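Trainee: Pasting the sequence and the predicted model now:
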Amino acid sequence: MKKMFKGNYGSRSSSGAGSKSKASSGGASRGGRSGKSAFHGKPSFHAKPSHGGSFGRKGGGFKGKYIDPNRFICKAEPIADVVVYESKNAFSDFNLDARIKANVIAHGYITPTPIQDQAIPHVLKGIDVVGIANTGTGKTAAFLLPLLNKVLIDAGQKVLVIVPTRELAMQINEEFIKFRGGLPLFSVACVGGMSISAQISNLRRRHNFVFGTPGRLKDLIERGMIRPADFSTIVLDEADRMLDMGFINDMRFIMNKMPKERQTLFFSATTTREVDGLIKEFLKQPITISVKTGDTSKNVDQDIVRLGRGQDKVEALHDLLNQAEFSKVLIFGRTKHGVEKLSQTLSVRGFKAGSIHGNQNQSKRQKSLQSFKSNQTNILVATDVAARGLDIPAVSHVINFDVPDTYEDYVHRIGRTGRAGLPGVALTFIE
């Protein structure tokens, strides 16, 4: 298990003058310019940030909300001290088809997470459910497993799952395939950035599940390729992000065409006043299940990197990435251009870095994501398209190179580390 962040990077040497770079021609390069860094002075980590600067207002037209830097500082609880949730059920106890149980157990799932333990029985009953849980706690399986069972019982049932990003839709489709195994259940992923003709072709074939983003789904509905009235179940996953991205009209367009009698499920890591309004608008007498243990995971050690006047952000980042414990790092930037530029800069410096942002086509985005998941690259620079729902194994650090627009975005960004009970570190740069 990796050593937890102790909040003392400011007292350690990174790759300043005279240090030996770890970049090499073989293996997973840590990067660096051989034996030399232009960074003069170490980034400092402070638990008592000042409030007199222009934090949250800088960055060429940044329109985000001011966030108190103290909210980016939170020590992780020792893993031994975290109270272990005692599940009321094992997966074998759920009223699921024996073939689904066998598929689940075959993939190593024995004990449900809290959201799975509490939500699955209600979803199986056909009740509308609002599930609120920390990111990385298994929300996808909490709705997929009972809905697989629902369609197995009645082959005429169809399920529509709406998510904010292409990557999340593709990931849920992969989870579906894993849990389905050899069962005669079929899905179509409908997302922008990929061939709509291929998706139309797939929709003409037999399918029980459709996973998609609002804009592409609306397009396919208008073309007559998807009939919302045929779907008896709809899942809104990460609906708060869909609201943030301006998809509310597309969501209403789809929901208004759904049958009046349907099962509606809502799952998210955060909720807002706008989301509460959406729940009241779309769901009927839902059961609300909240198993959040706080805004952020207790496994994630959070701190800030305050740069002194004249210190260069890229050089400070360079020195951090050269440290051995930064083994798998997800770096968030604000703009598509900035993310691509930073990724290229890190690559030139010898790091194995990739990027993911909205200016890339879906093939490029999936390739970058898969390279990071499979450890072909150990650094991924991303916009907030990678902040929601993505399950990337063993991310050691999340670095907010640019301050997020909102605290909710921060919560989702750092939720990419400290998953599945592992420790993680989140660092936020402040100038």
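Mentor: Received, thanks. Numbering: from 1, shown residues only.

Trainee: Okay, now the unreliable bits of the stretch 301-431 of the chain?
Mentor: For the stretch 301-431 of the chain, the stretches with pLDDT under 70 are 389, 420.

Trainee: And the stretch 51-200 of the chain, by the same measure?
Mentor: For the stretch 51-200 of the chain (pLDDT under 70), the answer is 51-64, 78-84, 135-136.

Trainee: Try it again at 50.
Mentor: Scanning the stretch 51-200 of the chain for pLDDT under 50 picks out 51-62.

Trainee: how close does the spatially closest residue to residue 104 that is not a sequence neighbour get to residue 176?
Mentor: With Cβ to Cβ, 6 or more residues apart in numbering as the criterion, residue 104 has its nearest non-adjacent residue at 5.0 Å, and that residue is residue 91. Heads up, the C-betas are built off the backbone N, CA and C, glycines and all. Counting by Cβ to Cβ, to the nearest Å, the gap from residue 91 to residue 176 is 17 Å.

Trainee: Then residue 195?
Mentor: Applying Cβ to Cβ to residue 195 and residue 176 gives a distance of 20 Å.

Trainee: where does residue 288 land in three-state SS?
Mentor: Following DSSP: H, G, I helix; E, B strand; the rest coil, the label given to residue 288 is strand.

Trainee: burial count for it?
Mentor: 13 (other Cβ atoms under 10 Å).

Trainee: One more: residue 375?
Mentor: By other Cβ under 10 Å, neighbour count at residue 375 equals 13.

Trainee: pretty sure it is in a helix, no?
Mentor: No - in this structure, residue 375 is coil, not part of a helix, as judged by three-state DSSP.

Trainee: Ramachandran angles for it?
Mentor: Backbone torsions of residue 375, given as degrees, to the nearest 10, read phi 70, psi 20.

Trainee: That one contacts residue 328, doesn't it?
Mentor: Yes - if you go by Cβ atoms under 8 Å, residue 375 and residue 328 touch, sitting 7.1 Å apart.

Trainee: Can you give me the domain assignment for this protein?
Mentor: The chain breaks down by automatic domain parsing into domains covering 9-80+298-430, 91-290.

Trainee: now residue 331: how far from residue 349?
Mentor: In terms of Cβ to Cβ, residue 331 sits 13 Å off from residue 349.

Trainee: Those two - which one has more neighbours?
Mentor: More neighbours surround residue 331 than the other of residue 331 and residue 349, with 27 against 21 (other Cβ under 10 Å).

Trainee: Please give me every residue in contact with the more buried one.
Mentor: 317, 342, 379, 380, 381, 382, 398, 399, 401 (Cβ atoms under 8 Å, 6 or more residues apart in numbering).

Trainee: The third one is in contact with residue 355, isn't it?
Mentor: No - taking Cβ under 8 Å as the contact criterion, residue 379 and residue 355 are not neighbours in contact, 9.5 Å apart.

Trainee: hang on, residue 304 packs against residue 71?
Mentor: No - the pair residue 304 / residue 71 is not scored as a contact, 9.9 Å apart, by Cβ under 8 Å.
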